[in-house]
Each structure stands twice: as structure tokens, then as C-alpha cells.
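K.L.:
Take a look and give me a structure for this.
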Amino acid sequence: MKHEIIKLLQPYFEKRDDIIMAFLFGSWASDKGGMESDVDVAVYFKPKTGRLEWEDADARYDGEAVLWREIEGLLGRE
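P.N.:
Numbering: from 1, shown residues only. I've put the predicted structure just below:
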């Protein structure tokens, strides 16, 4: 199932210029996910200033809510 999730998400992330990288982690990444398991995806956004910055764990990025809704739609989850 891990590979199916990656196949669904990879094209989406490859077309996004505002994302440096994204990766699957947690139970699905280790092939232990089940129907009740959430899908854990980490996303690193491109810094707005063009240089790396320390991240504030509570910081929100423009378009973040839309990104998560789109990912949930791709995966058929809510």
C-alpha cells in the first residue's frame, strides 16, 4: 500500500514549485498501516526569503490548509 500512496502523491508534489520535498512517514511508511491509520506526510516548503530558516513549529504557510485538503482528496480520506 505504501507504493500506491506514493504513486498518488508524487505527481502532485512534483508539480508544486513551493515545496522542496515531501515524504511519507509513520505506519504507512513501514507497511504497518491499516484502515484506521492516518497517512503521515511531512512537507518542507520553500523559504519565502530564498534562504533556509529555522522553523517555528506553530508557523503556518500560505496555502497550507488547501494543500492538506487536496492531499486528503487524492487519498480519499477526510
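
K.L.:
Just after the helix or strand hosting residue 13, pick out the following helix or strand.
P.N.:
Per DSSP states H and E: residue 13 is located in helix 2-14. Once helix 2-14 ends, the next helix or strand along the chain (criterion: DSSP H and E) is strand 19-25.

K.L.:
Tell me the spacing between residue 37 and residue 6.
P.N.:
If you measure residue 37 against residue 6 using Cβ to Cβ, to the nearest Å, the figure is 16 Å. Placement of C-beta: from N, CA and C, glycine included.

K.L.:
hang on, the earlier thing: pull out the buried positions in the helix holding residue 13.
P.N.:
By 16 or more other Cβ atoms under 10 Å, the buried positions in helix 2-14 come out as 5, 9, 13.

K.L.:
you'd agree the second one is up against residue 72?
P.N.:
No: the pair formed by residue 9 and residue 72 falls short of the contact definition of Cβ atoms under 8 Å, at 11.2 Å.

K.L.:
OK, contacts around the residue nearest to residue 25 when sequence neighbours are not counted?
P.N.:
In this structure, residue 25 finds its nearest non-sequential neighbour in residue 40, 4.9 Å apart by Cβ to Cβ, 6 or more residues apart in numbering. Taking Cβ atoms under 8 Å, 6 or more residues apart in numbering as the criterion, residue 40 is in contact with 24-29.

K.L.:
separation between the spatially most central residue of the chain and residue 35?
P.N.:
By Cα atoms, centre = their mean, the chain has its centre lying nearest to residue 41, at 3.9 Å. As defined by Cβ to Cβ, residue 41 lies at a distance of 18 Å from residue 35.

K.L.:
ok, now residue 21?
P.N.:
Applying Cβ to Cβ to residue 21 and residue 35 gives a distance of 28 Å.

K.L.:
who has more neighbours, the two?
P.N.:
Using other Cβ atoms under 10 Å as the criterion, residue 21 and residue 35 rank with residue 21 on top: 10 against 4.
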